[in-house]
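Peer 1: Quick one, what's the 3D model for this:
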Amino acid sequence: MTIVLICRDLLFISRIQSAFRKAGAEVLAVPKVDDVRLGGVAADEVVGCLVDLSGIPAGDIPTTIQGLREKFPQVNVLAFCPHVATEKIAAAQQSEAAAVMTRGQFDRALPTIVAHWTQPDAAAE
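Peer 2: The predicted structure follows:
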């Protein structure tokens, strides 16, 4: 069971990895959607994709989310960023992301997200 995380914030990556590892899932953290490491991940192993929009220019957000949806069509993509990044939030909301949250909302919801995504058949929900 693998979670794909697009993020450049090492401290936040560590926090997310720790939460998912406690539930038995691995987190593959990469800085961008075209990272070569994503090519080695079998689509059926991935149960969810998380995208930290902070390190992505607003104009690249739709392409990033679409790229994840193409690589892992069976899972949800959840995007998050600081609440002040309204242009990025709007870009993600107009894309194929299943959910868009502020970073604070995501941080508070992380235990629930972990529990939901690590349940059997989570990728189908």
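Peer 1: looking at this structure, which helix or strand is least sure?
Peer 2: helix 86-93 (a mean of 88; mean pLDDT, DSSP states H and E).
Peer 1: what's next to the helix or strand following that one, contact-wise?
Peer 2: Later in the chain than helix 86-93, the nearest helix or strand by DSSP states H and E is strand 99-102. Outside strand 99-102, the residues that touch it by C-beta atoms under 8 Å, 6 or more residues apart in numbering are Asn76, Leu78, Ala79, Phe80, Cys81, Pro82, His83, Ile89, Ala92, Gln93, Ala109. The way it works is simple: take the backbone N, C-alpha and C, and place the C-beta from them, glycine included.
Peer 1: buried stuff in the helix or strand just after strand 99-102?
Peer 2: Next along the chain after strand 99-102, taking DSSP H and E as the criterion, comes helix 103-117. For helix 103-117, the neighbour count (16 or more other C-beta atoms under 10 Å) marks Arg103, Phe106, Leu110, Ile113, Val114, Trp117 as buried.
Peer 1: quick revisit: buried ones in the least confident helix or strand of the chain, by neighbour count?
Peer 2: Buried positions in helix 86-93, judged by neighbour count with 16+ other C-beta under 10 Å: Lys88, Ile89, Ala91, Ala92.
Peer 1: Could you identify the most distant pair in those?
Peer 2: Ile89 and Ala91 (7.4 Å; C-beta to C-beta).
Peer 1: which residues are in contact with both of these two?
Peer 2: Leu53.
Peer 1: re the thing from before, may I see the contacts of strand 99-102 organised as JSON lines, with distance to Gly55 added?
Peer 2: Listed next are the contacts of strand 99-102 as JSON lines, based on distance: C-beta to C-beta, whole Å:
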{"residue": "Asn76", "distance to Gly55": "21"}
{"residue": "Leu78", "distance to Gly55": "16"}
{"residue": "Ala79", "distance to Gly55": "12"}
{"residue": "Phe80", "distance to Gly55": "12"}
{"residue": "Cys81", "distance to Gly55": "9"}
{"residue": "Pro82", "distance to Gly55": "11"}
{"residue": "His83", "distance to Gly55": "16"}
{"residue": "Ile89", "distance to Gly55": "15"}
{"residue": "Ala92", "distance to Gly55": "13"}
{"residue": "Gln93", "distance to Gly55": "18"}
{"residue": "Ala109", "distance to Gly55": "20"}
